[in-house]
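Trainee: Just the structure for this:
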Amino acid sequence: MTYTYLMDRKLLYLLVLLVLVSVSMSFQQGTSVQEKVSSLMGLPAPDFTMKKVGGGYFKLSEHRGKVVLIDFCTTWCGPCKAAVPYLKKLHEELKDKGLVVVSVFCSQKLSTVESFVKSHGITWTAVADENSVAWSVYHVKGVPTFLVVDREGVVSYIKQGFIAPRGENVWDVEDAVKRALGLPIKERPIMIFTEDREYSFGEEVEIKISVREDVLGRGVTLYVSRDMVSWNVYQQLAPSEKTFTVKVQIPVNLPYRAILVKALAYSYPYSLESNVLCLRIKFPKNKPEIELFQESIEVEVNSVVSIRGVVKNHTLPTVVDISITDPGGSTKTVSVETDYKGFFNYKFVVDKEGTWTAKAVTVSDRWNEEAASKVFIITVVKTRGLGETVSELLSKTSLIAVVAIVILAGVILVVVRAKRRKSLPPPPPGYLPPPPPPENRLRVLSLLRVVLVIIFLASLIYGFEEGYSCTKAFVTILCRACIGLGA
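Mentor: Residues are numbered from 1 along each chain as shown. A predicted model of the protein is given here:
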């Protein structure tokens, strides 16, 4: 077995180990984009204030008592442009009946938005979200995204994406707006109805379906959407009567506040779609409790601080508002999605000396001070010198113990390999050993070994500082060292 083969095999084992660790870490990531998009369903719509095209500001909370259709879009998005005529029609038809339409343009300057509004003949409110503040609060990850906010200020419908309705079909956002306004929706070849109330988890909902004469005998498919984004086949139907009923069961472990139901009959040239039925889900009325894992810490300036906690007595996942106040009294609020167990984590950099405070509250109780968590106090001090840092590291006996174990394991490995080499049988007569690898390669491999050891030891320190596992810290620092990512 040659030296080259041994080194290649070692490097292969190292790469396999890193891949396995990275894969295992990926299962601990946060919830998906679809979960974030639809987590606000049934909750009070987060307020925002933006500059309007034409002057002035738009503040969402000032339109309480009206139905607000929020269109998250950009000037370069094709589907966003295709939706403009439908928004225009909806605005002209319903603006005198209590509808307010606002298009929120992400990461674009007001001058760019003004040009777009003028060229496309937009007559409703348009605002420039230059820093993506509203997009972040509403967890928007795709354009266009439409949200309907009812008269009470609650998000009653969410739709991601736009496909122009064809034939007799109607844009489902139009139905959602008319439902919120209390207006009748347009008659279709297929209509679905149910009792307008809140339903419980696991409950079977009886849905009435009426079909037109030309739909009888056709195959009708019932679809259900649990996340307001994707549709899944629920049941295949073959109606022989114009009116019949089906039952849809509300899932027990559904993390959302509503599910959508629609029916579709295949026809030529366009399929016939029903109206979209929104089944609202009744949530437990227990007062949510938020627990932060730390009450106070002391860190150096420009350190990364993690606010970690858990939400209890609440349907999960949910969204948590974290308010952070710096020493100057300025407060910033960020929204964080919990996982299915209620845990959340938010990191930020403390760039000023003094006392910082942070507290968390669920978005459904953001106006209730009593529902907020205890205040997390962060004392930020100036950067310590090298002597103080070394002294603090030496005081961490657990860190010293881990380093000692690593060194001891390395010594044992060297001794075992030395014994194996001695036990190898002598080479046969006439055996010529392979030529040694080039000197430059030996230097590179030796340097790589030293670098990996240094990175591993640094990852131990980094890991204990941040409270992460050594493996995760090792992978983090190795990636930063290899591809140059910042802290």
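Trainee: Report the rounded mean pLDDT for stretch 126-140.
Mentor: For stretch 126-140, mean pLDDT rounds to 86.
Trainee: Kindly export stretch 176-184 (C-alpha atoms) in PDB.
Mentor: Only the C-alpha atoms of stretch 176-184 are listed here, as PDB (Å, rounded to 0.1, in the frame of the first residue of the first chain):
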ATOM      1  CA  ALA A 176     -61.600  36.300  -1.300                       C
ATOM      2  CA  VAL A 177     -62.000  40.100  -1.500                       C
ATOM      3  CA  LYS A 178     -65.800  39.800  -2.100                       C
ATOM      4  CA  ARG A 179     -66.100  37.400   0.800                       C
ATOM      5  CA  ALA A 180     -64.300  39.900   3.100                       C
ATOM      6  CA  LEU A 181     -66.600  42.700   1.800                       C
ATOM      7  CA  GLY A 182     -69.700  40.500   2.400                       C
ATOM      8  CA  LEU A 183     -70.600  40.600  -1.300                       C
ATOM      9  CA  PRO A 184     -71.900  37.600  -3.400                       C
END
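Trainee: who's in contact with it?
Mentor: Stretch 176-184 has contacts (C-beta atoms under 8 Å, 6 or more residues apart in numbering) with 67, 69, 90, 94, 97-99, 148, 150-151, 156-157, 159, 185, 276, 278. Every residue, glycine included, has its C-beta placed from N, CA and C.
Trainee: Name the residues of it that come out as buried.
Mentor: Buried residues in stretch 176-184, counted by 16 or more other C-beta atoms under 10 Å: 176, 177, 178, 179, 180, 181.
Trainee: Which pair in the residues you listed has the greatest spatial separation?
Mentor: 176 and 181 (9.8 Å; C-beta to C-beta).
Trainee: Sketch out the low-pLDDT regions of the stretch 201-350 of the chain for me.
Mentor: Applying pLDDT under 70 to the stretch 201-350 of the chain flags the ranges 227-228, 252-256, 283-288, 314-316.
Trainee: go with 80
Mentor: 201, 226-230, 252-257, 267-270, 282-288, 313-319, 340 (pLDDT under 80).
Trainee: How many residues are close by residue 422?
Mentor: The burial count assigned to residue 422 is 7, neighbours taken as other C-beta atoms under 10 Å.
Trainee: Ok, the one 4 residues further on next?
Mentor: Here the count is done by other C-beta under 10 Å, and residue 426 has 6 residues near it.
Trainee: part of a strand, is it?
Mentor: No. Residue 426 is assigned coil when assessed by DSSP: H, G, I helix; E, B strand; the rest coil, not a strand.
Trainee: For it, give its distance to residue 435.
Mentor: 20 Å (C-beta to C-beta, to the nearest Å).
Trainee: Could you do residue 136 as well?
Mentor: In this view, residue 136 and residue 435 are 60 Å apart by C-beta to C-beta.
Trainee: Looking at the two, which is more packed in?
Mentor: For residue 136 versus residue 435, the count of surrounding residues by other C-beta under 10 Å is larger for residue 136: 14 against 9.
Trainee: And this structure, split by domain according to the record?
Mentor: Annotated domains of the chain cover 29-186, 188-283, 289-383 [automatic domain parsing].
Trainee: Buried deepest among those, which one?
Mentor: The highest mean neighbour count among the domains of the chain, using mean count of other C-beta atoms under 10 Å, belongs to domain 29-186: a mean of 18.
Trainee: all strands for the stretch 1-150 of the chain, in order.
Mentor: 49-51, 57-59, 67-73, 99-106, 125-129, 145-149 (DSSP state E, counting those that start in this stretch).
Trainee: measure the nearest residue to residue 236 once chain neighbours are set aside to residue 197 for me?
Mentor: For residue 236, ignoring the flanking residues on the chain, the nearest one in space by C-beta to C-beta, 6 or more residues apart in numbering is residue 221 at 5.8 Å. Here the criterion is C-beta to C-beta. By it, residue 221 lies 26 Å from residue 197.
Trainee: Tell me, what's the model's pLDDT at the closest residue to residue 302 other than its chain neighbours?
Mentor: Leaving out its chain neighbours, the residue that sits closest to residue 302 by C-beta to C-beta, 6+ apart is residue 351, at 5.8 Å. On pLDDT, residue 351 comes in at 90.
Trainee: In strands, which of the buried residues of stretch 176-184 appear?
Mentor: In strands, judged by DSSP state E, none of these are found.
Trainee: Could you dump these into TSV with pLDDT and distance to residue 79 added?
Mentor: Compiled in TSV, these are given as follows (pLDDT from 0 to 100; distance: C-beta to C-beta, whole Å):
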residue	pLDDT	distance to residue 79
176	91	18
177	94	19
178	93	22
179	89	23
180	92	23
181	94	25
